[in-house]
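Visitor: Predicted coordinates and the sequence they were generated for:
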Amino acid sequence: MAKTGEKQQGGLWETVKTIFWALLIAGIFRTVFFQPFWIPSGSMKDTLLIGDFLFVNKMAYGYSRYSCPFGLCPIEGRIFASEPERGDVVVFRHPVNGSDFIKRLVGLPGDTVQMKEGVLHLNGAPVEMEPAGDFVETYRRQGPMGYYPQCENAPVGEGGTCAKSRAVETFPNGKSHNVLNIRDGFFSDNTPVFTVPDGHYFFMGDNRDNSQDSRYARANGGVGFVPAENLIGRADRIMFSSAGRSLFFVWTWRGDRFFKAVD
């Protein structure tokens with residue numbers, strides 16, 4: 001009997017050790033290679049929706065103090081594995097408040113960036129845009145914060161159809177993505193010329209009139225130019241998406257967004 005008890009205890013201990021090492025390996029894998037990110041706002045519609053859950057590829061651009069495993073790399077600046085490309089969807093650390101943001105990389109070091117009448121201009125030339133119909137959603141609270149969507153056809157009543165004009169924007173490197181329009185004539189549609197400094201990047205949200213991004217100074221709640229060391233990683237694929245108030249409300253998961261590539 002004693003031997004049987006010892007055998008059971010030994011088996012239990014082996015199970016505990018197995019679970020411990022599995023969790024440890026999973027934690028290291030998560031810390032070193034990927035970071036989970038849940039989309040909290042509508043600034044990247046319709047590429048990313050509120051409730052999209054994705055993993056950020058922290059190895060895409062090498063390491064900085066913000067993407068380093070356990071935050072312990074004794075380095076200043078960034079050690080690039082590969083250079084970020086215009087059109088990448090990137091998670092980065094806000095230069096002032098330290099929160100994690102996700103936006104599209106628009107301007108590289110040395111570029112000039114300007115919005116004119118709602119059209120993006122890079123290095124003095126307008127970026128190609130083609131109309132692509134409307135992006136339509138239901139006017140109701142979204143996500144855990146309960147934000148209502150902004151609508152080009154406002155005012156819209158609860159449960160009504162909220163529409164925004166959509167266009168396909170194509171960068172000089174051939175990368176294309178959708179952008180949305182809510183209103184015309186605001187600062188976000190007509191900006192001064194921004195010249196991106198060395199070692200910095202310029203980001204914008206795809207939902208152009210609902211994004212506090214590099215067009216806005218940090219003193220006004222924007223992110224300004226983002227230092228290279230603040231880049232955490234690239235968003236490549238949505239794992240799943242919840243249209244409800246919680247990720248755990250599985251009955252609200254969007255069936256068409258499982259493992260969807262982020263373009």
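Guide: That came in fine, so what should we check first? Numbering: from 1, shown residues only.

Visitor: Could you list the low-confidence segments of this protein?
Guide: Applying pLDDT under 70 to the chain picks out residues 1-32, 63-81.

Visitor: can you give me the helices in it?
Guide: Applying DSSP state H to the chain gives helices spanning 2-32.

Visitor: which residues touch the residue most central in space within it?
Guide: Centroid-nearest residue in the chain: Ile102, 2.8 Å away (criterion: CA atoms, centre = their mean). Ile102 sits next to 37, 39, 44, 48, 89-92, 235 when contact means CB atoms under 8 Å, 6 or more residues apart in numbering. Backbone N, C-alpha and C define where each C-beta goes, glycine included.

Visitor: who does it bridge with?
Guide: Judged by DSSP bridges, the bridge partners of Ile102 are Val91.

Visitor: Distance of Ser242 relative to Gly255?
Guide: Ser242 is 11 Å from Gly255, where distance means CB to CB, to the nearest Å.

Visitor: Next: Gly233.
Guide: Separation of Gly233 from Gly255 (CB to CB): 27 Å.

Visitor: Which one's more surrounded, these two?
Guide: Gly233 (23 against 7; other CB atoms under 10 Å).

Visitor: residue contacts, that one?
Guide: 34-35, 56-61, 67, 90-91.

Visitor: of the residues you listed, closest to Arg140?
Guide: When the contacts of Gly233 are compared for distance to Arg140 (CB to CB), Val91 wins out at 27.2 Å.

Visitor: wait, the closest one sits on Trp38?
Guide: No: using CB atoms under 8 Å, Val91 is not in contact with Trp38, being 11.2 Å away.

Visitor: These two: who's more crowded?
Guide: Val91 (22 against 14).

Visitor: In contact with the more buried one, which residues are there?
Guide: Per CB under 8 Å, 6+ apart, neighbours of Val91: 35, 37, 56, 100-102, 231-235.

Visitor: Those, buried ones only, as a PyMOL selection?
Guide: Only the buried entries of the contacts of Val91 go into this PyMOL selection, using 16 or more other CB atoms under 10 Å:
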select buried, resi 35+37+56+101+102+231+232+233+234+235
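
Visitor: okay, the contacts of Val91 in CSV with distance to Asp134 next?
Guide: Converted to CSV, the contacts of Val91 look like this (distance: CB to CB, whole Å):
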residue, distance to Asp134
Gln35, 33
Phe37, 27
Val56, 30
Asp100, 30
Phe101, 27
Ile102, 24
Leu231, 33
Ile232, 33
Gly233, 32
Arg234, 29
Ala235, 25
